[in-house]
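*Asks:* Sequence plus predicted model, see below.
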Amino acid sequence: MENDPLIAQMEDLELSSTTFFAQPKLLFTQSKVFVKTSPDNKDGMPGFISLIETVNNEHIMSWTPEASIPSLDEDSYVDISSQGDHEVTKFVAPPRSPTSNRRSFHPSDYEVSVPLHNIYSLLVYPPRLRDRQGSVIVNLIGGESLPAFYFHDDGLASKGKAPAGGPPVWGGQELLNRIEELVEVVGSAIEPGVYLVNASQADKINHGVATPPYTISPNAHGQTQATAQDSSQNERLYPALEETTSSYPASGETDPLNSSKGDLGKSSATTATGPITVEGMRRRKSVTKDRTAREDHQELGSANTSTTTSSARSRTPLPFENHIDPLFNTVKEMRWNILERFSQVARFSRDAATTVLDHPITKQILPPHVQQRIQESEAAKRIMDDYDSARVYLAKWAATVADQGDRERREMREMERLHPGSTPGKRAHGRRINDHEDEEGPLGAFNVLDLEMESSIIHHSRTAPLSPMDWFAFFDDAGQLLVTEDHVREVVFRGGIDHDIRIEVWKYFLGVYPWNSTEVERVAIRAAKAEEYYALKRKWFDDVTVQETEEFQEQKLRIEKDVHRTDRTISFFASETLPNPSGDFTGVGSNENLELLKDILLTYNVWAAKPTAFPSDIKKSADLSSDSTQSTTPTSSSTPTEPNLLEGYVQGMSDLLAPVFAVMGDEVMGFWAFVGLMEKTKKNFYRDQIGMQSQLETLGKMIQVLDPKFYKHLEKCEALNLFFCFRWLLIWFKREFEWVDIMRLWEVLFSDHLSTQFHLFVAMAILDKHRDVMMDHLEGFDEILKYVNDLSMTIDLEESLQNAEILYRRLEHLAEKVDAKRQEESAESMPEFPPDLQKLLKSRS
Amino acid sequence: MNQYVNKKFSNQYKATIGADFLTKEVAIDDRVVTMQIWDTAGQERFQSLGVAFYRGADCCVLVYDVNNAKSFETLESWRDEFLIQASPRGPENFPFVVIGNKIDMEESKRMISQKRAMAWCQSKGNIPYFETSAKEAVNVEQAFQTIAKNALQQEVEVEIDFPDPIKIDSDTSKDFGCAC
């Protein structure tokens, strides 16, 4: 039975042993169920969701925040709760009104309990392939909704590794299963994901399940036959896994009473009864060491528990189960998603917040009772105050909704990539391609070409980061690279670099080490670099006359000002162990690392002003990164004109230095790595701003060619200057992603694998993700700027990189098509592919 | 700006790159108007972005650091640059407001006297002048009231109906670094 997938299910059990008490019974509980306390709260508040049977045989569902449990001691909590009425009443407190009128809130404010018979419906969003959490929203009969319960999937992953390889059970599904055991639950045939609880006949008709092909067994505590089928639902939840688990038996045929070990899990899954034990409460711990207890449980369960097998079997499959087009639900999801968000903010208090509600879009989306509640919500108002206009605010919502759709599309692609033919509709990243149809303009002629692409799928090639083991295997005994430089570039482009070896690998990419160097050479290089650096530093550090010049003073002041507010939330730069030496920046202490940032930047000024010969390696990378429109200008730093263009420190440089210095960990290497990075980005800082201008223009052309409709929209908004992308490009998205993501993104950009301007594709990918929302909701340059600025720290890096690669391939494909067409026909009928864009494509330039 | 709109101050606000803005509703003479307060990058190098950010502004706020002479001395060029890039109708009457910030620092650090600043403001057509501490919320409210009022006047003069929010550019003058 080693491979019996049911073992996996067993592993998933929260409750594994039971003893019968004539007391309130905890039928089911699950930990790590999250409630989001604000829209930007990523993880939310962890808690326990439970099903309880009261002494009156009433069934209650409740959610209790972990924080409400004294001393966070789950075990003792469980012990207490299983001992008597008093403690248990904590669970079965009367339903707290979601509109509870409170101004400040406390974890316990989120506690909620509702009798199952007060539940109107459940909205179930199973986790997606790459999404760690799915959610369940409970709608009450009165029209209110409880905050969404998020079932994190992280534990599930580990369960998924159960020897059996059987499908893991998602917490939300488990909850649904348990509720089905207690009350009648029918899945709507109209709205996938909607499950009606004790639905009236009218509701059933409305939801297309009017003549139910099953008998209802809503008896809350009565006896029915134990289910045999429900575990197979889980199978349907995870179609992606089916292929690898085809041996998963239809578990329906076995009788739990007489079942083998493998069936224990399944039967337990349906029969959790009685007070919970410590063991049961501990989620993710090995389920049961005590086999006897389980067998007891099994008997009790089959004797005591009611299940509605048939309804479980006949309910509408979840959206994901049936390969229903994920887009099909977008509108509905949008509605519910917003409801859900409002239900979070609407819980606290009242106060007028009409801006959003006055907007016609809101009116369409929100049912009246929700609108009313928002008007009463202080929290909603606070959120809105933070934003510019209702339009920007709504656009943000719409974006989160669209994100779901995107995710589904991505999963489809991912599945298609991993299992060709497994998804019904082929969906490339080319949904926009047809948008060309009625567009005119200089590039309109490209339109016809694109249509062919719809049918072909372009995939990304992203993989895991380069591991230390793989990295060291690249070298021979002398420490010389055995593989080609291009190979390393490709590997890093595809997966990035494990953090432990960044410190070494970045030195190659940033020109500190030549690719063909041996270990002996690198030792020498390090020594020489140190000497060179300190020589440069002495030029200002030891020279009072230099320090007294107005120019130096000005630079120093500027650098100090910026350094002291650079990445102070990152532990490496956070401490205030030193006084601020300048005394200018009131109240902010400094630390050694910050002081070194300053020194490096000041030394960089000296270095940049020095018309020096350049190590050949950096020259090469500098040439590679040369800006397309600048190709006629010399790019090497040996050009004497360059220092005049750069003229010392420019705002933004401290942002670029901080991660490089942190990765290198010391002043000398931090400096040289920064020099290498500046070779790639220094044109951004030139006085004439030509580098920024040309990049923005190139990005504009990319939009024009790949997404003419969006281009038109930007034109209409007078936003074609793309200044809202200025910050992105100037400092390579430094302010847009979290610290760890920045390191990953930058090494992908360092790789220069597909393009030396890959950051433009990343920019395009982020815009592409938001283009629908921007087109639907944003009407002016200011709104777009605000919206884009506020995307900061919300952007999914992996997704952006995947899509950037796909966009690269699309552009490449388009260029090839144009070439082919121009060969076929006369050059007049097909305009030339824009040279700026040609240059982005490394394979062609 | 953050002090005014969000009642928050931090000396760790990152240097503005590109531009950003905040909005605030203010009541001026029985009218509630939405004020859009823009913050643009403080280094001259990025002035070329001004075309996009200054256009349509109803008032321009020049901010300098009273403890930094250089930041005061560059006010003139910021003002000129603004007028060139925004090219407002009637540049001679376009409303400016000057703010000398960081008066919370010790007196010995102060480089620009109130007298000197006011003299300059007078020479430029009586520009209203405020001395503030964004850190300690001194005079910030008052300054922005004047800004809003002058902006509204400008808006009324320019257009009879005013569908657009009042737009204000706050040139954080170079070296002014932190939150205005």
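*Replies:* Yep, that arrived. Numbering: from 1, shown residues only, chains lettered A, B, ... in the order given.
*Asks:* Just want the most central residue of chain B.
*Replies:* Nearest to the geometric centre of chain B sits residue B:61, at 1.9 Å (Cα atoms, centre = their mean).
*Asks:* quick one: residue B:20 and chain A, what's the gap?
*Replies:* Note on residue B:20: its distance to chain A, by Cβ to the nearest Cβ, to the nearest Å, is 5 Å. Where you see a C-beta, it was placed from the backbone N, CA and C, and this is true even at glycine.
*Asks:* Now do the SS call for that residue.
*Replies:* At residue B:20 the chain is in strand, as set by DSSP: H, G, I helix; E, B strand; the rest coil.
*Asks:* give the contact list for it.
*Replies:* By Cβ atoms under 8 Å, 6 or more residues apart in numbering or on different chains, residue B:20 lies in contact with A:785-786, A:789, B:38-39.
*Asks:* And for residue A:665?
*Replies:* With contacts defined as Cβ under 8 Å, 6+ apart, residue A:665 is in contact with residue A:503.
*Asks:* What of the one 3 residues further on?
*Replies:* By Cβ under 8 Å, 6+ apart, the contact set of residue A:668 is A:526, A:529-530, A:533-534.
*Asks:* In ChimeraX, how would I select just the buried ones from those residues?
*Replies:* One line in ChimeraX is enough to select the buried members of those, burial here meaning 16 or more other Cβ atoms under 10 Å in any protein chain shown:
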select /A:526,529,530,533
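*Asks:* Let's see which of the contacts of residue A:668 end up in helices.
*Replies:* Mapping these onto helices (DSSP state H) picks out A:526, A:529-530, A:533-534.
*Asks:* which of those residues lies closest to chain B?
*Replies:* Closest approach between these and chain B, by Cβ to the nearest Cβ: residue A:533, at 25.8 Å.
*Asks:* what about chain B, any weak spots by pLDDT?
*Replies:* B:157-180 (pLDDT under 70).
*Asks:* Tell me the secondary structure of the residue nearest to the centre of chain B, please.
*Replies:* strand.
*Asks:* So it is in contact with residue B:99, correct?
*Replies:* Yes - Residue B:61 is within contact range of residue B:99, at 6.2 Å (criterion: Cβ atoms under 8 Å).
*Asks:* which residue packs closest to residue A:568, ignoring adjacent ones?
*Replies:* Spatially, and ignoring its direct neighbours in sequence, residue A:568 is nearest to residue B:12 (5.0 Å; Cβ to Cβ, 6 or more residues apart in numbering or on different chains).
*Asks:* Count the residues that sit near that neighbour.
*Replies:* Residue B:12: 15 surrounding residues under other Cβ atoms under 10 Å in any protein chain shown.
*Asks:* Look through chain B and state the residue closest to chain A.
*Replies:* Using Cβ to the nearest Cβ, the closest approach of chain B to chain A is made by residue B:18 at 3.9 Å.
*Asks:* Excluding chain neighbours, what is closest to that residue?
*Replies:* Using Cβ to Cβ, 6+ apart, the closest residue to residue B:18 is residue A:726 (3.9 Å).
*Asks:* Now do the contacts for that neighbour.
*Replies:* A:692, A:696, B:17-19, B:49.
*Asks:* go with 10 Å
*Replies:* A:684, A:689, A:692, A:695-696, A:785, A:788, B:17-19, B:41, B:46, B:49, B:52 (Cβ atoms under 10 Å, 6 or more residues apart in numbering or on different chains).
*Asks:* Just the ones of those residues in helices?
*Replies:* Residues of the contacts of residue A:726 located in helices (DSSP H): A:692, A:695-696, A:785, A:788, B:52.
*Asks:* ok, so of these, who is nearest residue A:468?
*Replies:* Using Cβ to Cβ, residue A:695 comes nearest to residue A:468 of the ones in helices among the contacts of residue A:726, at 34.7 Å.
*Asks:* Just the pLDDT at the closest one, thanks.
*Replies:* As predicted, residue A:695 sits at a pLDDT of 97.
*Asks:* cool, residue A:842 as well?
*Replies:* pLDDT at residue A:842 comes out at 77.
*Asks:* State the helix or strand in which the residue lying closest to it once chain neighbours are set aside lies.
*Replies:* Closest residue in space to residue A:842, ignoring its immediate chain neighbours: residue A:755 at 5.1 Å, by Cβ to Cβ, 6+ apart. Following DSSP states H and E, there is no helix or strand that holds residue A:755.
*Asks:* Wait, residue A:755 touches residue A:838, no?
*Replies:* No - if you go by Cβ atoms under 10 Å, residue A:755 and residue A:838 don't touch, sitting 11.1 Å apart.
*Asks:* And those two? Which one has more around it.
*Replies:* residue A:755 (23 against 16).
*Asks:* sorry, back to before: can you name the two of the ones in helices among the contacts of residue A:726 that are farthest apart?
*Replies:* Maximum pairwise distance in the ones in helices among the contacts of residue A:726, criterion Cβ to Cβ, is 17.4 Å, between A:695 and A:785.
*Asks:* which helices and strands sit right next to the helix or strand where residue B:3 lies?
*Replies:* Assigned by DSSP H and E, residue B:3 falls within helix B:2-6. If you count contacts as 3 or more Cβ pairs under 10 Å, 6 or more residues apart in numbering or on different chains; DSSP states H and E, helix B:2-6 packs onto strand B:19-28, strand B:31-40, helix B:140-158.
*Asks:* Where does the stretch 651-800 of chain A get nearest to chain B, which residue?
*Replies:* residue A:726 (3.9 Å).
*Asks:* Let me know the next secondary structure element after the helix or strand containing that residue.
*Replies:* Following DSSP H and E, one finds residue A:726 within helix A:726-730. Next helix or strand after helix A:726-730 toward the C-terminus (DSSP H and E): helix A:739-750.
*Asks:* Buried ones in that next one, by neighbour count?
*Replies:* By neighbour count on 16+ other Cβ under 10 Å, the buried set for helix A:739-750 is A:741-750.
*Asks:* May I have it as CSV, with CA atoms only?
*Replies:* Taking C-alpha atoms only, helix A:739-750 is exported to CSV below (Å, rounded to 0.1, in the frame of the first residue of the first chain):
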residue,chain,number,x,y,z
TRP,A,739,14.9,44.0,-2.1
VAL,A,740,15.3,40.2,-2.8
ASP,A,741,13.5,40.6,-6.1
ILE,A,742,15.7,43.4,-7.2
MET,A,743,18.8,41.2,-6.9
ARG,A,744,17.0,38.5,-9.0
LEU,A,745,15.8,41.0,-11.6
TRP,A,746,19.2,42.7,-11.9
GLU,A,747,21.1,39.5,-12.5
VAL,A,748,18.7,38.6,-15.2
LEU,A,749,19.4,42.0,-16.7
PHE,A,750,23.1,41.6,-16.2
